[in-house]
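Trainee: generate coordinates for the sequence data below:
(chains A and B)
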Amino acid sequence: MSSVLRAIWDNTYGLLVDDGQLAIGAIAALAITWLIAASSSEALRGNAGWVLLVLVLALVVANLYRAGHSARRRTG
Amino acid sequence: MDLVTLAIAATPSFIASAVEFVEATTIVLAVGITRGWRAPLAGSALAALTLGVIVGTLGVALVTVVPEHLLLGLVGTLLLLFGLRWLRKAVLRFAGIVALHDEEEIYRKEVAELRSQGRRKTEWDWVGMIVAYKAVLLEGIEVAFIVIAFGAKGLGAMNAAIVGAIAAGIIVIALAAALRHPLTAVPENWMKFGVGAMLSSFGVFWFGEGVGAEWPGDAASIPIILGAFLVASWIAVRLLNGLLPQGARVEARNV
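Mentor: From the prediction side, this is the model:
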């Protein structure tokens, strides 16, 4: 039973996470956006979506750049 | 909704779902051709049934029990994680850091592995059934994500997304059945890149809606968000191309 649950968990995790750092970064971006929306003025809450977009785009570029550096080290 | 409008609305879901159906069909074909058709067809049918139960129970429970803003936040989170995973992989493939997804190669490996396992002629082929079940279930869950992403706007959008996914399934399965060969001509990385960018855009949009953000023009903001993802991806591919020397790329895996 535990092996079946383990397989379900592994598959679900694999469906959503390819790179752990990217996934953690995305969740952090979502949390920051939620905090901004929950604790700030009406005007800032209205723009929380754009904050999320900027955070996620920066995250994507930074993560891929890191992946490129890692690949360069591997290829020597 | 007239037929032309429905076709246009169903196209994104059709393209995205087609990628998943191609991947599932490759595995089912490999099992069927090497070990006979009864077990993989039974496995596929069982997977479709399991998927129906999961989507039916979980989907209905989510829609009826979870408050709308929380549901949008949850759907947005899942779509963003799912979309970023596809987008990252597609960009790394375009940059040559990860090898392109090769259906022919996957098919050959699967056939070799299944042949090596062997079985007696009289016994039920549990291996073939489980391999097909797993492939159809996993790719089917991804199709469910896609339908939710494109259909979350309302009943009309949901109907169009379901129609697109079903049409993709019928066409891919019919083509595979006619050709008896994996569908290698599908430009999979381009499709995954586009779908990854679209799912990420929908994820940002729905999460924003969930936390009370206001998008100018409501859903009309989605193309702008999508454009931003495409520009960021283009910048990333340019950066990666500058980082690695030509010819040394495909060997670098697992980055």
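Trainee: hey, let's count contacts and neighbours off CA atoms from now on
Mentor: Fine.
Trainee: up against chain B, what does chain A have?
Mentor: Within chain A, the positions lying close to chain B (Cα under 8 Å from any Cα of the partner chain) are A:11, A:15-19, A:23, A:26-27, A:30, A:34, A:37-38, A:45-49, A:52-53, A:57, A:60-61, A:64-65, A:67-72, A:74-75.
Trainee: show me what contacts the residue nearest the centre of chain A?
Mentor: By Cα atoms, centre = their mean, chain A has its centre lying nearest to residue A:26, at 1.8 Å. Listed by Cα atoms under 8 Å, 6 or more residues apart in numbering or on different chains, the contact set of residue A:26 reads A:56, A:59, B:80, B:81.
Trainee: quick one: which of the residues you listed is most hemmed in?
Mentor: residue B:80 (30 neighbours; other Cα atoms under 10 Å in any protein chain shown).
Trainee: could you check how far it is from residue B:14?
Mentor: 20 Å (Cα to Cα, to the nearest Å).
Trainee: now do residue A:27
Mentor: 29 Å.
Trainee: so which of those two has more stuff around it?
Mentor: residue B:14 (26 against 16).
Trainee: find the nearest non-adjacent residue to that one, please.
Mentor: Among residues not flanking residue B:14 along the chain, residue B:164 sits closest, at 4.1 Å (Cα to Cα, 6 or more residues apart in numbering or on different chains).
Trainee: quickly find the element holding the one you found.
Mentor: Following DSSP states H and E, one finds residue B:164 within helix B:155-179.
Trainee: low-confidence ranges, the stretch 51-200 of chain B, go.
Mentor: Within the stretch 51-200 of chain B, the segments meeting pLDDT under 70 span B:100-103, B:118-122, B:153, B:183-186.
Trainee: get me the contact residues on it for chain A.
Mentor: Contact residues, the stretch 51-200 of chain B versus chain A (Cα under 8 Å from any Cα): B:77, B:78, B:80, B:81, B:82, B:84, B:85, B:88, B:92, B:97, B:138, B:142.
Trainee: would you confirm that the second one contacts residue A:16?
Mentor: It stands for residue B:78. Yes. Using Cα atoms under 8 Å, residue B:78 makes contact with residue A:16 at a distance of 7.4 Å.
Trainee: just say helix, strand or coil for the nearest residue to residue B:28 once chain neighbours are set aside.
Mentor: Take residue B:28 and drop its neighbours on the chain: the residue closest to it by Cα to Cα, 6+ apart is residue B:132, 5.3 Å away. Classification of residue B:132 by DSSP: H, G, I helix; E, B strand; the rest coil places it in helix.
Trainee: what sits against residue B:132?
Mentor: Residues in contact with residue B:132, defined by Cα under 8 Å, 6+ apart, are B:24, B:27, B:28, B:31, B:40, B:41, B:43, B:44.
Trainee: list the contacts of residue B:244.
Mentor: A:68, A:71, A:72.
Trainee: surely the last one meets residue B:243?
Mentor: The one in question is residue A:72. Yes. Counting by Cα under 8 Å, residue A:72 touches residue B:243, with 6.9 Å between them.
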